[in-house]
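Structure, please.
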Amino acid sequence: AESYLNFVVTYILGLAVIFQLPLLIFIFDHVHPFPPGTLSSTQRFVVIGATVLAAVITPTPDAINMAIVAVPIIVVYQLGALAVFIRRHKSRRVAKIVDAEVVEPLSDALELAFLEDASTESTPEVVVAATAEPLTASIQEPVVEQAPAAETPAVSTQSPQVRRSVDGFMRSRQPATLSIPPRQSTPAVLPQRQSNRPVRSIDGFLPA
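Purely as a prediction, here's the structure:
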């Protein structure tokens, strides 16, 4: 009876540990994520290990008892891989939603800035097109500048005042004339230089 009890307890504890395998896989992936494809690539090793373990544990060498032990191990491992896949898919979905919420306002702001730049670039073209016609008209029609009128000297319209002498008779005012004597040009007189040397005639006598 004691040996049978030990056998049952051992099987129950072993199955309890095996059914904790999905939870252990989920915790390991949460702490240190497995590389992509790791669980699917190790699936064949799990199948082989579960079959060998079932052949060792089961007291009878028949295939039914081996399958009763090996199949739950394989199924539990697949449940753990499925839990990891669901968690990663959900985290990717949340990341996509967050990225879309961040990218949408950014794309709207970029589109608005692009439209503003396009409007500012098209405004000078409209202004140039509007001002092109008056500019061409002003270029074609030559501007004739009027010469300034010659300034005419101001003529005084005041009548000359007539002065009377002491005896009561009027005398006409004669304009005072300023006489300038003509400048006489006098020829410059150069002093003649006289030499004290005696002059002799041809015959050798001094002239008188």
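
give me the low-pLDDT residue ranges for this structure?
For the chain, residues meeting the criterion pLDDT under 70 lie at 99-108, 114, 118, 121-208.

How about residues contacting stretch 82-94?
22, 25, 26, 29, 30, 33, 34, 39 (C-beta atoms under 8 Å, 6 or more residues apart in numbering). Glycine gets a C-beta too; all of them are placed from N, C-alpha and C.

all helices of this protein, in order?
Taking DSSP state H as the criterion, the chain carries its helices at 2-19, 21-31, 38-41, 43-57, 63-140.

Those into JSON lines, with extra columns for mean neighbour count?
Putting the helices of the chain into JSON lines (neighbours: other C-beta atoms under 10 Å) gives the following:
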{"stretch": "helix 2-19", "mean neighbour count": "11"}
{"stretch": "helix 21-31", "mean neighbour count": "14"}
{"stretch": "helix 38-41", "mean neighbour count": "13"}
{"stretch": "helix 43-57", "mean neighbour count": "14"}
{"stretch": "helix 63-140", "mean neighbour count": "12"}
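
Which of the contacts of stretch 82-94 sits closest to residue 8?
Lowest distance from residue 8 to the contacts of stretch 82-94 (C-beta to C-beta) belongs to residue 22, with 24.1 Å.

got a list of what the residue nearest to that closest one when sequence neighbours are not counted touches?
Computed as C-beta to C-beta, 6 or more residues apart in numbering, the closest residue to residue 22 that is not its neighbour in sequence is residue 80, at 3.5 Å. Applying C-beta under 8 Å, 6+ apart to residue 80 gives the contacts 21, 22, 23, 24, 25, 26, 39.
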